[in-house]
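> coords below, sequence missing:
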């Protein structure tokens, strides 16, 4: 049987023999495209070329690309694990032609590779071609059909509609007809009963698409119309896992050697055999799939978090933990223990898995433990919801309650439903879905962007960046477009030449001015999109065809450069002090401050932080000159010892920034010499996630301001203390005095609490054999609770009702002995809710203890009396 690693290599070797340049996979996590968080197709890294913004270095390219589909239009998450062929992370084998060959060669290469190299049965293959679309004015793809007839009989060349056979990058952009190759993997007996042509694109698990050949020949404009692209491109994508299934003769992707070793290890660790129980099988497939996604995301520099791409990764990991918890009985972290087998399967082609194994394991383990604690908390909350629902004789839990569990505590709906089912309860799904829809609508509204087509003024394919050498140049606007974001109008301008640095590499974009003959327009920000540097303004110039002066805000640029260079010096110092295991995991550089994330497995000591800051400041005082190496081969940069950041996409030619022994690959703006930075001050060191620390720091003006403010505060403290002693000694004496007073206060509070309790006991009465304490009080709710629990321990049978007003807010506390709850059916939670109506409030709790608050302090006496009346009614009714 051909192994998966061999299949991947044969694909790359085949297309290399056809004159294709083999390129590495781009990072799965995208950092320089505002329209995408993740690479969801092999063509993503070539968008600039397909859009015509960048000229291709090679007209024929092939690769194996890591992809992730979990959000937006391409969202396979909920199918993953439940069927045999959907995945979150998958590899896409692809070959591209940029204005070189078109349909004939693309189809010929695909056929030859599948049948001659992979030895797939020709009689099991089908091809689909675009049937045309009258509404769009698009004709049938007769050209592709004619080519396919050289390889397949007519009855295995099928027509497909626009949904299946017309590929579009998005609502706008390059698009064109596509031709899919499907394979029928059913047993011969089933094939004899029903031809495969009737099952193509019908979601049959064994009649599946394996390769899509996209022929990009149109551009979709904002108004929905189509125009011909100046150059025709071929973009093909073949699911590596599906190809392995076909070649290895399996009926599931998860049975191939891509997944089976991982599933075997999951079965060993859980003690549950794969293939015996459907629920456990689904869980194992979910864990095996999601492990790959999480591991590769971390190697690309994306850690789980609560925002954007990090939130998606956290959600995927939590889905895996939830399935393992529910169906594999894994109550402790265990997914991180699967890393060795993943490295065995994929580490040869992706060595970053091995080099970052320790970090990946630590991050996954911490995330698992955190979510397991959340699950435990959610289950306790759900227990209370179940108790309340049953007490009120309901069988349906409101959808908004289930949604709060999901939204606030991360407790998934299907787990909520599973636990409720065991208790004979259900969730109002309609209400839950309404809450979910409302949340999505809010998110869409917050993120809504309406983008018009580019209006081209000058046909200029090359946009030159001169910002390393100049901050002010004459420019022409080559194109512009209108964009509405959150109901606010902006314009995006592209210049033929620009000194403005576009946001990237952790550094913010430049701002400044666009100066015309009769007006100055503020450039608010600068961003990169599909190879274009976009300048964002609120107003379009009156004459867009004139020559302008583009002028960068030099003060902001200088302060930003100070902070960017400081991050390089900080990186160098951290590796000196902590060791060479330190790797950059993210950064943010602005004119205000810098943030630097790095791999390290424990909190830095004060001594380490001081040493790091000292090294950086010594490098600043040495006034090291910038040594810049532009457009050098990346191999030469590595020979120089330049540090690179995992997850960043580097081209064949790179820029190296060197200050003394600090050498890094970087495209940002930097100081001419380190002395310009002035001074470096660390503000904080904290944890980002397992194995990743964060330092925030300031330089130059901000550092000077910080020092001045600190000294000013110290002088104020000296004045306040009015002491001739050393300031430190004065503060220490004050702290000691405060500790003494605190102990005296605590002693007084304990005595006051004792007297308060004794007063309540003296004012209590007996009702039959029950001690009854009902009183208005002036005390904090926490003190009343403390006393109530003390009294509960002193009396076997107790009814305690107390209420008062503190800081204008009424509060009510009710406590019962457990035996009274059992004997008379007393429920403090129900009673306190009814009594709280008198103070225009609400509350709740457990049957033996509950509290309430409100807004109407005038009603506290009525609330106490109502609670007493309800309790006595219950006692009398039972007696």
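Great, that's in hand. Just so it is clear, the structure is predicted and the values come from calculations on it, not from any experiment.

> pLDDT weak spots in the stretch 551-700 of the chain?
646-647 (pLDDT under 70).

> Check which helices and strands the strand or helix carrying residue 789 sits against.
Assigning secondary structure by DSSP states H and E places residue 789 in helix 781-794. Secondary-structure packing of helix 781-794 (3 or more CB pairs under 8 Å, 6 or more residues apart in numbering; DSSP states H and E): helix 727-762, strand 798-806, strand 809-816, strand 849-853. Any C-beta I mention is one placed from the backbone N, CA and C, and that applies to glycine too.

> one more time with 7 Å, if that's ok
helix 727-762, strand 798-806, strand 809-816 (3 or more CB pairs under 7 Å, 6 or more residues apart in numbering; DSSP states H and E).

> Can you report the mean pLDDT over the residues of the first one?
Per-residue pLDDT over helix 727-762 has a mean of 81.

> distance between whatever helix or strand comes next after it and the chain's centre?
Downstream of helix 727-762, the first helix or strand assigned by DSSP H and E is strand 765-767. Centroid displacement of strand 765-767 relative to its chain, using CA atoms, centre = their mean, to the nearest Å, is 61 Å.

> so where do the helices sit in the stretch 101-250 of the chain?
103-112, 142-148, 162-165, 188-193, 240-247 (DSSP state H, counting those that start in this stretch).

> Can you add distance to residue 737 and give those helices back as CSV?
Listed next are the helices of the stretch 101-250 of the chain as CSV, based on distance: least, CB to CB, whole Å:
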stretch, distance to residue 737
helix 103-112, 84
helix 142-148, 88
helix 162-165, 77
helix 188-193, 88
helix 240-247, 70
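
> and those helices, which is most packed in?
Compared across those, helix 240-247 shows the largest average neighbour count, a mean of 24 (mean count of other CB atoms under 10 Å).

> For residue 87, find the nearest of the helices and strands packed on helix 781-794.
Of all those, strand 809-816 sits nearest to residue 87, with 54.4 Å by CB to CB.

> quick one: the closest one to strand 849-853, angle?
170 degrees (axes from the mean of the first three to the mean of the last three CA atoms, to 10 degrees).

> What residues of strand 809-816 count as buried?
By neighbour count on 16 or more other CB atoms under 10 Å, the buried set for strand 809-816 is 809, 810, 811, 812, 813, 814, 815, 816.

> Equivalent analysis for stretch 345-362, please.
Buried residues in stretch 345-362, counting neighbours by 16+ other CB under 10 Å, are found at 345-347, 350, 352-354, 356-357, 359-362.

> One more: stretch 629-636?
Quick answer for stretch 629-636 (16+ other CB under 10 Å): 629, 632, 634.

> For residue 333, state which of these is nearest.
Nearest to residue 333 out of these is residue 634 (CB to CB; 38.0 Å).

> Just confirm the closest one contacts residue 649, I think it does.
No - using CB atoms under 7 Å, residue 634 makes no contact with residue 649, being 11.4 Å away.

> how about the strands in the stretch 101-250 of the chain?
Here the stretch 101-250 of the chain has its strands, by DSSP state E, counting those that start in this stretch, at 125-130, 157-160, 166-168, 173-184, 207-220, 226-239.

> Counting by contacts, list what the shortest one packs against.
The helices and strands touching strand 166-168, judged by 3+ CB pairs under 7 Å, 6+ apart, are strand 173-184.

> Quick one: mean pLDDT for the strand it packs on?
Averaged across strand 173-184, pLDDT comes to 93.

> The closest residue to residue 42 other than its chain neighbours: neighbouring residues, count only.
Computed as CB to CB, 6 or more residues apart in numbering, the closest residue to residue 42 that is not its neighbour in sequence is residue 94, at 3.6 Å. Neighbour count of residue 94, defined by other CB atoms under 10 Å: 26.

> How about residue 744?
10.

> Next, work out how far apart it and residue 738 are.
From residue 744 across to residue 738, the span is 11 Å (CB to CB, to the nearest Å).

> Can you read off the pLDDT for the residue lying farthest from the centre of the chain?
Most distant residue from the mean C-alpha position of the chain: residue 768, 62.4 Å away (CA atoms, centre = their mean). In this model, residue 768 is scored at 86, pLDDT.

> tell me how far stretch 854-868 is from the chain's mean position?
On the basis of CA atoms, centre = their mean, stretch 854-868 is displaced by 48 Å from the centre of the chain it belongs to.

> What are the contacting residues of that stretch?
Stretch 854-868 is contacted from outside by 774, 776, 801, 803-805, 808-810, 812, 814, 831-832, 834-836, 838-841, using CB atoms under 7 Å, 6 or more residues apart in numbering.

> again with stretch 560-567
507-508, 587, 589-591, 593-594, 596, 616, 659, 668-671, 674, 676-677, 680, 697, 699-700.

> Quick one: the strands in the stretch 351-500 of the chain, in order.
Under DSSP E, counting those that start in this stretch, the stretch 351-500 of the chain gives strands at 396-397, 426-427, 449-451, 455-456, 464-465, 472-475, 477-485, 488-495, 497-498.

> Export those as TSV, with columns for mean neighbour count.
What follows is the strands of the stretch 351-500 of the chain, written out as TSV (neighbours: other CB atoms under 10 Å):
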stretch	mean neighbour count
strand 396-397	18
strand 426-427	17
strand 449-451	12
strand 455-456	12
strand 464-465	14
strand 472-475	17
strand 477-485	18
strand 488-495	19
strand 497-498	22
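
> Ok, which of those strands comes nearest residue 850?
Closest among those, using CB to CB: strand 396-397, at 20.3 Å.

> Give me the mean pLDDT for that closest one.
90.

> pretty sure residue 365 is touching residue 691, no?
No - counting by CB under 7 Å, residue 365 does not reach residue 691; the two are 9.5 Å apart.

> quick one, which of the strands of the stretch 351-500 of the chain is nearest to residue 708?
Of the strands of the stretch 351-500 of the chain, the one closest to residue 708 (CB to CB) turns out to be strand 472-475, at 32.5 Å.

> so who does the closest residue to residue 102 other than its chain neighbours touch?
Sequence neighbours aside, residue 232 is the residue nearest to residue 102 in space, at 5.3 Å (criterion: CB to CB, 6+ apart). Going by CB under 7 Å, 6+ apart, residue 232 touches 99, 102, 215, 216, 217.

> Repeat that for residue 273.
residue 267.

> 10 Å instead, please
Counting by CB atoms under 10 Å, 6 or more residues apart in numbering, residue 273 touches 267, 280, 281, 284.

> so the last one sits in a helix?
Pointing back at residue 284 there. Yes - the assignment for residue 284 is a helix, going by DSSP: H, G, I helix; E, B strand; the rest coil.

> residues contacting it?
Here residue 284 is in contact with 81, 254, 259, 262-267, 270, 272-275, 323-324, 327-328 (criterion: CB under 10 Å, 6+ apart).

> quick one, helices of the stretch 551-700 of the chain?
Under DSSP H, counting those that start in this stretch, the stretch 551-700 of the chain gives helices at 554-578, 606-621, 634-639, 700-721.
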